[in-house]
Structure formats: structure tokens, C-alpha cells
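Enquirer: I would like to see how this sequence folds:
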Amino acid sequence: MTDLKIKTVEMHTGGEPLRIITDGYPEIQGATILEKRRYVRDNLDHLRHLLMFEPRGHYDMYGALLVEPCHPEADLGVLFLHNEGYSTMCGHAVIALGRYAIDQGIVKAVEPTTTVKIECPCGLVIADVDVKDGKSSTVSFRSVPAFAFLTDQTIDVPRYHTITYDIGYGGAFYALVSAKQLGLDIHKTPTRDLVDAADAISSAIKASVQLTHPESEDLAFLYGTILTDGEDQFSATPTANICVFADRQVDRSPTGSGVTARIAVQVAKKQIEAGQTRQFESVTKSLFNATAEEILTYGPGQAVRVRVKGKANYTGESIFTIEEDDQIGQGFLLK
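Expert: As a prediction, the model looks like this:
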């Protein structure tokens, strides 16, 4: 047995897993959160394989590595892990970490609402946690500036012909596509078929569209494609979507950064106004509420601050080890 011993707290938000890595990682170097992200990617990626991949994880496992924050206002810092690498934002993780920070005493609980400031690679995200009788509950977070990067663009996608898409940024970049134009139904089409379509769209866009971000080129990459039910005009009825990100990974929640991007695009296309709240439904039927709270100028154009609300729950705690002769146990994925 090696000396490796990694401790985690297990949670889920709307069915989407979150493995919070609390102890056992080597020292993480970097003067900024993006430098820390690069350091972990370049030097400690074997630990992502160990914790996200089988036999300890699975193809759709998601992780949050707690790090010392670099932002002077932050209560904690976090790096996000998945099957392909390291994201820049994760809303379902922020919702879970809001509860975790209070329950672990990182931030003192104040009723009825406790604010937790979380430094993510995309910037400082403010979470407000409902607290009653000292217990944490529902969490909402206020996004970094979100914006529409492209709207109403067309592209040829193998097997799916010409499709129309938008690209929105909600802490990460997503292509947004109505599944209807692909002849697919978010509610009825098998998940595998939705994943195939979303993955093909992501590949086509990555090959032809150059993304930029006002703050850092580290943020300028397409994280995935969100297939929607096409119901983008404001309505009190929930709108459904499925987010396929990284290497064909499926989000079980509505996707916090994804619904942020959808709201930003809906605002840009005048489908929703500031102050209006929409509900977003995932493949597990879990719901997030999202509100365009503030319109602002950001970089070369308009952006919006979006508030996203959801609930996370605890599922357990783990201590992970590995034996010296366990090559398979270092991590593998079956595709």
C-alpha cells in the first residue's frame, strides 16, 4: 500500500454527482486560480484519473478539488474535474459547495441567508445559502458576467445536415441547439442518440469557430453542446435541456453554467427580460430556477449577471487509497 490517502465528501445536485476532494492532494502551486488549474492539469492529472475514472468513479463522475483561494474576498477556491480534464465553471458544484462551506464551518452560518464567496477558474461566484435552525438548505449563486458570443449561426454537421446554433458563455462556453431541428425530442429520444448529436455538433463547431474571452484565453474553449426543447421565449412552463460536455459526459442536472449561458442568449435575443425567472428541467426532471438579475457592459458588448437556484444533497464520505501493484486501479474508462 502506498502512502496515498485522499479524503472526499460525496454529494449530488439534481442527480449530478460531486466528489469534493478535501484532503490528500500534494501542494498545488500557482499565484492565480488559473495558474493552479494549469499546475494540476500538467502535474497531477494522474490523481484525476484515480478519482474520476473506474474503479472508484465512472464515465460521468464529476469532482471539485478544494484549493487555497487567490482572490482576496474568497472564502474558498475550487478546481473542477471531469472525464476529459478541468472545467472553468460548474454551477451544480457551486450549489453543493455553498452547503458544504457552511456545514464544515468554513463560513459561519447566519440565518436566514449566508453568503459564501467561491473562487472558480472563471472568477468569483457568490452563493447565497438558505439557513434555518442552523441547517443549510437551498442555494442560489450569482454568476460571473455571462454573454451571447454568437447567435443564429449555421453550420453543416455530418449526419445532421445544416443546423442553426447559438453560443453562450456562463462561466464556460456552450453551443445551444434546439433538438427539434435535428428531428429529436428531448423528452422521448434515447439519451445515447442525444449524446451522439450533441457530440457531433461540438466537434463541428470546435473545428470551425474561434472563441475569445475578454479576460483570459484559458477560458476561451467550447465546453460542450446543450440540446434544448426550443422553448426559449419567456414562459412560466419549465424548458428542458440536456448538456453534453467534455468527452460525451452527460449532466444529470440542468447545468448551472449552462442555464446561465441560455439566459444570456435569451436576453441578447430579447426572449426574456431582466428580472424574469425561468425554470430549467434536466434529464432527471430536476429543476433549476434562473433569473437575469442585471444587464451590464462587459468587454466589447452586453453581459448579464444570472442567479441560479437549486438544491444539493449529501450521499456519503470516502477515503481512497491505491496499492503499489494495482495498475488497473490507477483509473480506466469503458466507452
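Enquirer: tell me where the stretch 201-335 of the chain has helices.
Expert: 256-268 (DSSP state H, counting those that start in this stretch).
Enquirer: any weak-confidence spans in it?
Expert: For the stretch 201-335 of the chain, no stretch has pLDDT under 70.
Enquirer: how about the nearest residue to residue 69 once chain neighbours are set aside, what does it touch?
Expert: In space, and not counting its chain neighbours, residue 69 is closest to residue 77: 3.6 Å by Cβ to Cβ, 6 or more residues apart in numbering. C-betas here are computed from N, CA, C, even on glycine. Residues in contact with residue 77 (Cβ atoms under 8 Å, 6 or more residues apart in numbering) are 33, 36, 66-71, 118-120.
Enquirer: in strands only, show me the residues you listed.
Expert: 66-67, 118-120 (DSSP state E).
Enquirer: which of those has the most neighbours?
Expert: residue 120 (30 neighbours; other Cβ atoms under 10 Å).
Enquirer: now that residue: closest residue in space, sequence neighbours ignored.
Expert: Using Cβ to Cβ, 6+ apart, the closest residue to residue 120 is residue 89 (5.3 Å).
Enquirer: what's near enough to touch the one you found?
Expert: Residue 89 neighbours (Cβ under 8 Å, 6+ apart): 80, 120-122, 125, 144, 170-172, 256-257.
Enquirer: now name the helix or strand holding residue 168.
Expert: Following DSSP states H and E, the helix or strand that holds residue 168 is strand 161-169.
Enquirer: any idea how far residue 239 is from the closest residue to residue 298 other than its chain neighbours?
Expert: Counting by Cβ to Cβ, 6+ apart, residue 298 lies nearest to residue 145, which is 4.2 Å off, once chain neighbours are set aside. Remark: distance between residue 145 and residue 239 (Cβ to Cβ, to the nearest Å) = 23 Å.
Enquirer: please apply the same query to residue 54.
Expert: 34 Å.
Enquirer: higher neighbour count, those two?
Expert: residue 239 (22 against 15).
Enquirer: how much space between the closest residue to the more buried one other than its chain neighbours and residue 240?
Expert: Spatially, and ignoring its direct neighbours in sequence, residue 239 is nearest to residue 231 (4.3 Å; Cβ to Cβ, 6+ apart). To residue 240, residue 231 is 8 Å away according to Cβ to Cβ.
Enquirer: give me the more crowded residue out of those two.
Expert: Higher neighbour count among residue 231 and residue 240: residue 240, with 22 against 17, using other Cβ under 10 Å.
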